[in-house]
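Peer 1: test case, fold it:
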Amino acid sequence: MLEEAILSDEVLVLTEATTSESFDLLHEENIAKLQAMPQKNIAVNILMRVMKEKLTNVMKTNLVVSRSFSERFETIVERYHNRNDHMDVLEVFEELIKFKNDLEEAIEQGKHLGLTYEEKAFFDVLGADPDIRKLMEDKKLVAIAKDLVETVRMHRTHDWDKKEQAQARMRLYIKKVLKKHGYPPIKVPKAVEDVLEQAKLQAAGM
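Peer 2: Reported below is the predicted structural model:
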């Protein structure tokens, strides 16, 4: 378990805790234990392992969050591997703590909007375009996201995500939802493809 990893300087990676267990065990008390470890490289390795596992899980559910945080994580890892001194390790450790908090906030954000994880993924896809964020309020994007989830559930068939004809039909259903909610016409084509990609990602994880 992560508790054992934190208390033992010999443990470099997590081998027993599941992804959800290891991430959830990174509460303030255990973070404090990591901060108190004299060998910060071990603490960094523990955090990187947990974050990598959590990102792998997020990749199966939320396209936008996984892309954004994966790029950021790779930058942190690269900096760690190219470190020059102890101060670099300390800075990477602090970056990982902030990364963990930001990822946790991004994952849980949907609850404040009254969205399920599935709905939040569509909300993120629609809101990834800065222009859309300026043109449409969150409550409108929330309504579209909920409608998209219901629409995809209603019209999905066996292996639809692997069949071109079924995907073509799904595109039409998605387009109808966007038009119904007044989504900017010029933005619809890309939004349809992005929503379809997110829907296929969720279908693959079912």
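Peer 1: after the longest helix anywhere in the chain, which helix or strand is next?
Peer 2: Secondary structure assigned by DSSP state H gives helix 86-112 as the longest helix of the chain. Helices and strands here follow DSSP states H and E; after helix 86-112, the next one along the chain is helix 117-127.
Peer 1: in the longest helix of the chain, what counts as buried?
Peer 2: Of the residues in helix 86-112, those buried by neighbour count under the rule 16 or more other C-beta atoms under 10 Å are 89, 92, 93, 95, 96, 97, 99, 100, 103, 106, 107, 110. All C-beta spots, glycine's among them, are computed from the backbone N, C-alpha and C.
Peer 1: distance between the host helix or strand of residue 49 and the chain's centre?
Peer 2: Taking DSSP H and E as the criterion, residue 49 maps to helix 40-58. Averaging C-alpha coordinates over helix 40-58 and over its chain gives two centres that are 15 Å apart (C-alpha atoms, centre = their mean, to the nearest Å).
Peer 1: quick check: mean pLDDT across that helix?
Peer 2: Taken as a whole, helix 40-58 carries a mean pLDDT of 87.
Peer 1: list the helices and strands it packs on?
Peer 2: With contacts defined as 3 or more C-beta pairs under 8 Å, 6 or more residues apart in numbering; DSSP states H and E, helix 40-58 has these neighbours: helix 2-7, helix 19-24, helix 28-36, helix 63-81, helix 86-112.
Peer 1: give me that answer again for 7 Å
Peer 2: helix 19-24, helix 28-36, helix 63-81, helix 86-112 (3 or more C-beta pairs under 7 Å, 6 or more residues apart in numbering; DSSP states H and E).
Peer 1: tell me the mean pLDDT for the first one?
Peer 2: Taken as a whole, helix 19-24 has a mean pLDDT of 56.
Peer 1: the second one too?
Peer 2: Here the mean pLDDT over helix 28-36 is 80, rounded to a whole number.
Peer 1: if we can go back for a sec, need the helices and strands packed on helix 40-58 in a markdown table with distance to residue 119, can you?
Peer 2: Shown next, in a markdown table, are the helices and strands packed on helix 40-58 (distance: least, C-beta to C-beta, whole Å):
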| stretch | distance to residue 119 |
| --- | --- |
| helix 19-24 | 20 |
| helix 28-36 | 29 |
| helix 63-81 | 13 |
| helix 86-112 | 7 |
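Peer 1: between those helices, which gets nearest to residue 177?
Peer 2: Evaluated with C-beta to C-beta, the helices and strands packed on helix 40-58 place helix 63-81 nearest to residue 177, the distance being 17.7 Å.
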